[in-house]
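Q: Next come a sequence and a model predicted from it.
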Amino acid sequence: QVQLVESGGGLVQAGGSLRLSCAASGRTFRTYAMGWFRQAPGKEREFVAAIHWTGGNQYYADSVKGRFTISKSSAKNTVYLQMDSLKPEDTAVYYCTAGGRLPPNDYWGQGTQVTVSA
């Protein structure tokens, strides 16, 4: 099992920035990739970004490409999501994920709320 704990959500104005963090613990040696999904009210959960844990290759949804950056610290077993130029449509609960495939979806964090005001 892998445990994931997110932090860094909050309220920000449009055009602002936030950085989400996700610390992984447990059987992390089985992790192939980590990533982020989000779910807005009344919408389906959607993929946001992912990173290959060993190689560092990054993958993004078209809606966030050029604005969001995913990164990792192997020493800290932590993945980050730097979100810049935020838009109201980015408002959602953001979930950290980990797993053995891309996009990773075997393990999920509890979620952190991101609210972008117009």
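A: That came through fine.
Q: for the residue nearest the centre of the chain, what are its contacts?
A: Centroid check for the chain by CA atoms, centre = their mean gives residue 36 as the closest residue, at 2.7 Å. Applying CB atoms under 8 Å, 6 or more residues apart in numbering, we find residue 36 in contact with 20, 22, 48, 49, 50, 70, 79, 81, 94, 95, 96, 97. In short, each C-beta sits where N, CA and C put it, glycine included.
Q: Read off the pLDDT value for the last one.
A: Pointing back at residue 97 there. In this model, residue 97 is scored at 96, pLDDT.
Q: Bridging across strands, which residues link to it?
A: Beta bridges link residue 97 to residue 35, residue 108, judged by DSSP bridges.
Q: Verify the stated contact: it with residue 111.
A: No - counting by CB atoms under 8 Å, residue 97 stays clear of residue 111, with 10.6 Å between them.
Q: more crowded one of these two?
A: Between residue 97 and residue 111, counting by other CB atoms under 10 Å, residue 97 is the more crowded of the two (23 against 17).
Q: quick one on the thing from earlier: roughly how far does the residue nearest to the centre of the chain sit from residue 99?
A: 13 Å (CB to CB, to the nearest Å).
Q: before we move on, what about residue 114?
A: 22 Å.
Q: Compare the two (neighbour count), which wins?
A: Per other CB under 10 Å, whichever of residue 114 and residue 99 has more neighbours is residue 114, with 22 against 19.
Q: looking at this, the more buried one is in a helix?
A: No - counting by DSSP: H, G, I helix; E, B strand; the rest coil, residue 114 is located in no helix; its state is strand.
Q: Report the beta-bridge partner residues of it.
A: Beta-bridge partners for residue 114, by DSSP bridges, are residue 10, residue 92.
Q: just use 512 as the starting number from now, easier for me
A: In the new count, where the first residue is 512, that last one comes out as residue 625.
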